[in-house]
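*Asks:* Pasting the sequence and the predicted coordinates here, then a few questions.
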Amino acid sequence: MSDSDYSDTETGQATRIRDTEARVRQAAHSLLLSTIKVRSLQSNCLYIVCAVL
């Protein structure tokens with residue numbers, strides 16, 4: 001949403017806050033999934049290295 005889609009009323013401010021909170025939640029979720037994927041890859045690589053040795 002652009003700033004022009006919001007009004008200066010309390011409803012507009014509440015909508016802006018909800019949109020911002022949703023973006024923050026989405027970013028946190030993406031970061032969590034990325035971290036899990038990296039940890040999974042590290043575990044798989046460690047397992048492969050140990051299996052080869």
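*Replies:* Arrived safely, thanks for sending.
*Asks:* Which residue ranges of the chain form helices?
*Replies:* 10-52 (DSSP state H).
*Asks:* Tell me where the model's unsure across it.
*Replies:* Residues of the chain that meet the criterion pLDDT under 70 lie in 1-8, 42-53.
*Asks:* CA atoms of stretch 25-45 as PDB?
*Replies:* What follows is stretch 25-45, C-alpha atoms only, in PDB (Å, rounded to 0.1, in the frame of the first residue of the first chain):
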ATOM      1  CA  ARG A  25       6.200 -11.100  10.900                       C
ATOM      2  CA  GLN A  26       6.800 -12.200   7.300                       C
ATOM      3  CA  ALA A  27      10.500 -11.100   7.500                       C
ATOM      4  CA  ALA A  28      11.000 -12.900  10.800                       C
ATOM      5  CA  HIS A  29       9.400 -16.100   9.400                       C
ATOM      6  CA  SER A  30      11.600 -16.000   6.300                       C
ATOM      7  CA  LEU A  31      14.700 -15.500   8.500                       C
ATOM      8  CA  LEU A  32      13.700 -18.500  10.600                       C
ATOM      9  CA  LEU A  33      13.200 -20.700   7.600                       C
ATOM     10  CA  SER A  34      16.500 -19.600   6.100                       C
ATOM     11  CA  THR A  35      18.300 -20.400   9.400                       C
ATOM     12  CA  ILE A  36      16.700 -23.800   9.500                       C
ATOM     13  CA  LYS A  37      17.700 -24.500   6.000                       C
ATOM     14  CA  VAL A  38      21.300 -23.500   6.600                       C
ATOM     15  CA  ARG A  39      21.500 -25.600   9.800                       C
ATOM     16  CA  SER A  40      20.100 -28.500   7.900                       C
ATOM     17  CA  LEU A  41      22.700 -28.200   5.200                       C
ATOM     18  CA  GLN A  42      25.400 -27.900   7.800                       C
ATOM     19  CA  SER A  43      24.200 -31.100   9.500                       C
ATOM     20  CA  ASN A  44      24.000 -32.900   6.200                       C
ATOM     21  CA  CYS A  45      27.600 -31.900   5.200                       C
END
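*Asks:* which other residues reach that stretch?
*Replies:* Around stretch 25-45, nothing counts as a contact under CB atoms under 8 Å, 6 or more residues apart in numbering. For every residue, glycine as well, the C-beta is placed using N, CA and C.
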